[in-house]
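Peer 1: Could you look at this predicted model? Sequence included:
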Amino acid sequence: MMRAFSVIICACAFALAAIAQDAKPRADAGSVRPIAITGVKDAGEIWIANLRTYPAMLVPVTQQTDKGPMSATFKGALLWQVIDRAGWVNGAAKNAQIRHVIIVTGKDGYAAAISDGEIDPKLENKQVILAYEKDGKPLDAPRLVVPGDLHGSRGVQDVVSIAVQ
């Protein structure tokens, strides 16, 4: 009887631990750090898991790199939608909504600039994404992918911050 009671107690403890673990917000196993997003109404952090809540975009790119040509298909969230959900902060000047510059920075300090006019659906509508997969395989950290560029120099790996100015 005592042994059966101990088994029941252990089973309950394991079940409660599993429920508590599922209730905690977790980052992706591959994502080692969040992306800080600033210059928006709801500044904060996003993880790869958050990026997966946006409609997934598949973006094929063929670009030159410093290591030679690269062709791949990336999957991720549109940068426009990530910033739009966080809330653009526009000034009072004429056409303030198209005067933003977005600086995306990687873990190594490398940064690239994107104008909001490039990614605005009403203007150029370039499908710039924060990728979480490359050729169907998960990335360890988000990567900025800028399709249409002949050179991949604005492709920021291991994205750690997005600053909207």
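Peer 2: Sure thing, it's come through. Model, not experiment: these values are computed from the prediction. Numbering: from 1, shown residues only.

Peer 1: for the longest strand along the chain, which positions count as buried?
Peer 2: Longest strand of the chain, by residue count under DSSP state E: strand 68-78. Judged by neighbour count using 16 or more other C-beta atoms under 10 Å, the buried positions of strand 68-78 are 74, 75, 76, 77, 78. (C-beta placed from N, C-alpha, C; glycine too.)

Peer 1: Give me the contacts around it.
Peer 2: Strand 68-78 is contacted by residues 51-52, 54-64, 119, 127-136, 142-143, 145, 152 when judged by C-beta atoms under 8 Å, 6 or more residues apart in numbering.

Peer 1: From these, which land in strands?
Peer 2: 57-64, 129-134, 142-143, 145.

Peer 1: Which among these count as buried?
Peer 2: By 16+ other C-beta under 10 Å, these give 57, 59, 61, 63, 129-134, 142-143, 145 as buried.

Peer 1: Save those as JSON lines, and put in pLDDT too.
Peer 2: Output for these, formatted as JSON lines (pLDDT from 0 to 100):
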{"residue": "57", "pLDDT": "98"}
{"residue": "59", "pLDDT": "97"}
{"residue": "61", "pLDDT": "97"}
{"residue": "63", "pLDDT": "96"}
{"residue": "129", "pLDDT": "98"}
{"residue": "130", "pLDDT": "98"}
{"residue": "131", "pLDDT": "98"}
{"residue": "132", "pLDDT": "97"}
{"residue": "133", "pLDDT": "98"}
{"residue": "134", "pLDDT": "98"}
{"residue": "142", "pLDDT": "97"}
{"residue": "143", "pLDDT": "97"}
{"residue": "145", "pLDDT": "98"}
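
Peer 1: with those in mind, which one is nearest to residue 90?
Peer 2: Closest approach between these and residue 90, by C-beta to C-beta: residue 130, at 22.1 Å.
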